[in-house]
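What shape does this take:
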Amino acid sequence: MYQITSTANPAALEQLQSWGAVAREALAANTQRAYQQDAAQFSSWCAARGAAPLPASPELVAAFLRAEAEAGKAVATVRRRAATIAALHRAAGVANPCAAELVRLVLKGLARSRGTGQRQAAPITEREALRIRARMGDTLRDLRDAALLLVGRDLLARASELVGVRVEDVAPAEGGGAVVMLRRRKTDTEARPYFIGPETAAALEAWLRRAEITAGPVFRAVHKSDRLGALPLSPRDVSRILKARALEAKLPEAAGVSAHSLRVGMAVDLTEAELELPAIMQAGGWSSPQMVARYTAKVSATRGAVARFYGRR
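All right, here's what the predicted structure looks like:
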């Protein structure tokens with residue numbers, strides 16, 4: 001599963017493959033893809049040097065991480081490579097080389113010399129969403145994109161979660177709005193219900209009614225002739241659609257818009273509304289506050305001590 005075929009410990013490789021079979025059911029698709037990519041890169045790098053990737057020495061891993069950084073990989077990517085190597089060694093039941101002080105120092109040094117800032121998707125807040133919708137008409141494509149925009153924001157959904165929504169997952173809520181059952185989130189493999197507001201539910205209903213979709217995937221392709229296609233949207237389609245709509249609406253940060261913009265934008269709106277952090281984490285399926293803090297850093301800055309100082313003058 002993870003393309004590690006060369007090893008100095010056949011028993012460890014066998015244990016890793018057994019773990020991989022179980023991991024297919026337990027891990028989110030994005031996590032599995034990351035493991036596969038990282039393992040393939042590390043295994044290929046080791047093979048070119050005649051070294052076995054499992055078990056790997058701290059010196060080998062440190063050299064690999066430096067090579068990845070020198071090849072232009074972002075610090076976040078290098079850290080992910082190290083996390084994958086550590087996870088695979090633990091799964092194989094062998095010593096984790098990433099726990100060694102040498103590897104920790106290499107990662108710390110890269111963070112100090114190159115910085116840890118990550119490029120973040122431009123947020124689509126309520127203000128940007130209104131600008132995008134103002135440019136929409138009443139075509140089938142417009143109705144789909146309006147529903148995609150609003151449902152994605154209300155669910156704080158990742159692209160893979162959004163395209164996975166099915167008609168059977170949506171039910172009306174008392175007092176308006178609807179409840180959507182997300183079958184799997186990155187940090188949670190159990191299906192859980194999430195609320196979407198009345199306006200969002202109405203936009204979703206309008207799309208489904210016009211498209212005559214009564215079962216299966218909610219968000220599907222629309223042909224140039226404005227006819228419904230048979231295929232569901234892919235996560236990549238979501239980014240393409242949102243960026244095109246942002247450019248059409250002439251949003252200032254349109255070039256930075258992606259599928260993640262919906263998630264970031266709603267997190268900003270919830271923070272500006274002064275909702276509690278645990279509630280925001282629950283809405284977005286976050287298991288720790290770090291990502292919420294990164295998404296809403298600009299909002300937090302305008303509420304800091306210096307901002308409050310000037311606000312009182």
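
if I read this right, residue 232 contacts residue 166, doesn't it?
No: at 9.2 Å, residue 232 does not count as touching residue 166 under the criterion of CB atoms under 8 Å. In this view, the C-beta of every residue, glycine as well, is placed from N, C-alpha and C.

Mind listing the shared neighbours of those two?
For the pair residue 232 and residue 166, residues contacting each of them under the criterion CB atoms under 8 Å, 6 or more residues apart in numbering are 216, 217.

Poorly predicted segments of the stretch 151-300 of the chain, please.
In the predicted model of the stretch 151-300 of the chain, residues 184-189, 299-300 satisfy pLDDT under 70.

Which residue ranges of it form helices?
159-163, 198-211, 235-248, 260-272, 277-284, 290-295, 297-301 (DSSP state H, counting those that start in this stretch).

tell me the centre residue of the chain?
Computing the C-alpha centroid of the chain and ranking residues by CA atoms, centre = their mean puts residue 158 first, at 5.1 Å.

can you pull out the strands in this protein?
When assigned using DSSP state E, the strands of the chain occupy the ranges 170-172, 178-182, 192-196, 220-222, 228-232.

Please report how far residue 124 lies from residue 200.
When CB to CB, to the nearest Å is applied, the distance between residue 124 and residue 200 equals 14 Å.

between those two, who's got more neighbours?
Per other CB atoms under 10 Å, whichever of residue 124 and residue 200 has more neighbours is residue 124, with 30 against 22.

Domain-wise, how is the chain divided?
Following the assignment in automatic domain parsing, the chain carries domains at 10-114, 126-301.

Figure out which of those is closest to residue 120.
Taking CB to CB as the criterion, residue 120 comes closest to domain 126-301 out of the domains of the chain, the separation being 6.6 Å.

was I right about the residue nearest to the centre of the chain contacting residue 258?
No: the pair residue 158 / residue 258 is not scored as a contact, 10.7 Å apart, by CB under 8 Å.

In TSV: the domains of the chain, plus distance to residue 120.
Below are the domains of the chain laid out as TSV (distance: least, CB to CB, whole Å):
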stretch	distance to residue 120
domain 10-114	11
domain 126-301	7
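
ok, now which ones touch residue 179?
Taking CB under 8 Å, 6+ apart, we find residue 179 in contact with 170, 171, 172, 173, 193, 194, 195, 196.
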